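Undergrad: Give me a 3D structure for the following:
(2 chains)
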Amino acid sequence: MRTNAPQNPHLQTKNLSIGYSRKKQLPSIVASNLNLKLNPGEFVCLLGPNGVGKSTLIRALAGMDTPLEGNVQIENTDIRNLTPRERARRISVVLTESLPMGMFSANAIVALGRHPHTNWTGILSDHDRERIAEALHAVEGTSLAERQISELSDGEKQKIMIARALAQEAPIMLLDEPTAFLDLPRRVELMHTLRELTQKKRLSILLSTHDLDLALHCADKLWLFGKEGNIIEGIPEALALEGSIASVFASESLDWDTEQGSFRMHRTPCKFIWIEGTGAERIWTRRAFARRGYGLSDSPESARFVVKIKKTAKNVEWEIIDHGLAHPFHSLESLMGWIARPTNRNGKHPDPHFPLK
Amino acid sequence: MTQGPAEQNSHNPTFLFGALGLILLGAFTANICLGSAWISISDVWSALIQKESSDPIVSQIVMNFRLPRALTALLAGAALAISGLLMQTVFRNPLADPFVLGVNSGASLGVAIVLLILAPSGVALTQSLELSGNILVIIAASCGAAAVLAFILLFAQRVDVMSLLILGLMLSYAIGAVVSILMFYSMAERIQSFFSWSYGSFANVTWTQMRIFAPWMTFGIGATFFLAKPLDALLMGERYAESLGTNVKTSRIVTLGIASLLAGAVTGFCGPIGFLGIAAPHLCRYLFKTSSHRILIPGSLLTGASIALGSDLIAKAPGFDGALPLNAVTALIGAPVITTALMKQRNLGKVFGR
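TA: The predicted structure follows:
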């Protein structure tokens, strides 16, 4: 549980400006004047459109790139003043760059995470080995331990790289799109694993992702990276309500739906339907119609069609009422097939018995 | 070594190290016993412990020719192999070798200047390189290698490894061109002496020179053992290496420095010996099935030394009147090794995460 007592952030930025310095030109600034904080036990998702500079920010926070202005601080020390080893004990990273391989077993890759803790020989103690096993277990990669890294799938490699970061035992973990190679269930699992770790070990995790839905569900806090190089901070629900998410991702063909918490195509539906029915069937029917450009009308009278969802003990049936004529359907697919049918001039199907034939 | 991250499959490193050690011992003994005259192990032994009953001529051959030559081959082979391993790791490129940075060309240029330009203007160079006159060649080669190395290290701070690799290659071509021009305007017999240097040989290191050569090699090879950990991290790519606490720039410069000094010195003393530096680390990866440097460094040391001794044995085999050019022998051994490694792994690049 979070308390209201002032926390010492694990990491904070002071007037940080990031970007690329160019020779004989003004530097190209990606974002400026950032004052961000990562608190212990906080799971933060960094969201933003492609190319806005999420990776640049992560590299700057990890102390890999020199900031144009300002600094990144850990325990009130400028991160650039720490030696690489000191930094590695405080921050672990998972990057987007091509997943490294070499002729290493997965176990050996995770063992690399112990580098900041071992002496020059790199020989592992029992404690190190326990941490490695623990990290592999956390990402459910124990069964991969003895496999050669080059034999693993991209998703499995990503898991191993995350285990390596965990084995590093740093209080701060920065991940640049770690879910990119994973399928949906694996993404959800990974997000939950990281979330749990944040709370159990009081870590600070910052994760950049394009998975808006997942981020809205899992993150304690969102950092929204806008196209103008501004970062809006806040808890996901508040940002969704005040329309910040909409403004950051706004585009011509997408609309932010505050109720659904997601983006949808088409700003203004030109045709309207009325749906009678409840539950999952109603949601998915609505979505199927939305894709064809139908919105929900205020009353059955003003709707082009009235769709009735009839649930019986055995199955679900749809009925569509078109100009007073009712057409029954046994599946959503046949219903949508009917909607997409070619129509003649007066808007009626050439064959009145079409759907039942 | 049994508890490292490399302990990952059925290939038992301890067994392999034992086998490689035995092969090395065998090659070393054979190198001393075999040659234009065959000497039995017992005769060699009595010569070594300076038994009074030993034949003075045999003793002379063993002590003044065979032993320094075998020692040179052992040290030079180990040095080139390790140097190749270091270069391949730093550049994360399977084709990198000690000479890729132009160190070899630098040495050639130094030698070319001595043999092709200075010689006509009165520097007394004996025709045969066996005499102490070749100390000048060694100095020239080392200076040439060092100059190129200094130039490269100047850039190593500022550019990434890929640029550095291309820079080294371009430098090689440019220096090669200068050497060609020098050769074009030189007299035939001087070109001949330059050629005989460029064939490579382990026979040129006398006991006096060994006093410099041996400690130098031992120091360089010994120093690489301290680099095993940062080298493992460097294989992950520079950003990951840094995030693992490696001081990337320092380790890169130290590694390149050691690799170049090893290769430069070997080139100075023995001439440019190709292929060994590429082949030995690949053979080693193929044998040990790992990229862990705690295994690969001692492994390359053993394989490199064994290949060098084996090659020298072939080069001086009695059938070949006089001696085969060492360079030709190493290439003939090296090329199949690399080809086999390529065939077995299908994609050498994956070793380096490409």
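Undergrad: Confidence-wise, which helix or strand of chain A is lowest on average?
TA: Comparing every helix and strand of chain A by mean pLDDT, DSSP states H and E singles out strand A:262-265 as the least confident one, with a mean of 69.
Undergrad: Nearest residue to residue A:276 in space, ignoring adjacent ones along the chain?
TA: By the measure of Cβ to Cβ, 6 or more residues apart in numbering or on different chains, the closest residue to residue A:276 outside its immediate chain neighbours is residue A:308, 4.6 Å from it. Backbone N, C-alpha and C define where each C-beta goes, glycine included.
Undergrad: And residue A:194, by the same measure?
TA: When the adjacent residues along the chain are set aside, residue A:194 lies closest to residue A:205, with 5.5 Å between them (Cβ to Cβ, 6+ apart).
Undergrad: Quick check, residue B:147 in contact with residue B:106.
TA: Yes. Residue B:147 is in contact with residue B:106 according to Cβ atoms under 8 Å; the separation is 5.7 Å.
Undergrad: hmm, back to that, the residue nearest to residue A:194 touches residue A:41, doesn't it?
TA: No. Checked against Cβ under 8 Å, the pair residue A:205 and residue A:41 is beyond contact range at 9.5 Å.
Undergrad: quick one: the host helix or strand of residue B:174 to chain centroid distance?
TA: In this structure, residue B:174 is located in helix B:161-184 according to DSSP states H and E. Centroid displacement of helix B:161-184 relative to its chain, using Cα atoms, centre = their mean, to the nearest Å, is 20 Å.
Undergrad: Quick check: buried residues in that helix?
TA: Along helix B:161-184, the positions that meet the burial threshold by neighbour count (16 or more other Cβ atoms under 10 Å in any protein chain shown) are B:161, B:164, B:165, B:167, B:168, B:171, B:172, B:175, B:179, B:182.
Undergrad: Per-residue pLDDT of the last one, please?
TA: Going back to what we said before, that points to residue B:182. Reading off the confidence values, residue B:182 has pLDDT 88.
Undergrad: residues contacting the residue nearest in space to the middle of chain B?
TA: Here the mean C-alpha position of chain B is nearest to the C-alpha of residue B:80 (Cα atoms, centre = their mean), at a distance of 2.2 Å. Counting by Cβ atoms under 8 Å, 6 or more residues apart in numbering or on different chains, residue B:80 makes contact with B:98, B:262, B:263, B:266, B:273, B:276, B:277, B:280, B:304, B:308.
Undergrad: Hmm, which of the residues you listed is lowest in pLDDT?
TA: Least confident by pLDDT among the contacts of residue B:80: that is residue B:98, with 72.
Undergrad: that older thread, quick check: which element contains the residue nearest to residue A:276?
TA: Once you assign secondary structure using DSSP H and E, residue A:308 falls within strand A:305-311.
Undergrad: could you say what helices and strands that strand packs with?
TA: Using 3 or more Cβ pairs under 8 Å, 6 or more residues apart in numbering or on different chains; DSSP states H and E as the contact criterion, the elements in contact with strand A:305-311 are strand A:271-276, helix A:279-291, strand A:316-322.
Undergrad: circling back to that earlier point, between residue A:205 and residue A:41, who's got more neighbours?
TA: Residue environment comparison for residue A:205 versus residue A:41 gives the larger neighbour count to residue A:205, 24 against 17, counting by other Cβ atoms under 10 Å in any protein chain shown.
Undergrad: element containing the nearest residue to residue B:245 once chain neighbours are set aside?
TA: The shortest distance from residue B:245 to any residue that is not its chain neighbour, by Cβ to Cβ, 6+ apart, is 3.2 Å, and that residue is residue A:88. In this structure, residue A:88 sits in helix A:84-90 according to DSSP H and E.
Undergrad: thinking again about what came up before, go ahead and name everything in contact with the strand holding residue A:308.
TA: Outside of strand A:305-311, the residues within contact range by Cβ under 8 Å, 6+ apart are A:273-279, A:281-282, A:285, A:289, A:294, A:300, A:316-322, A:335.
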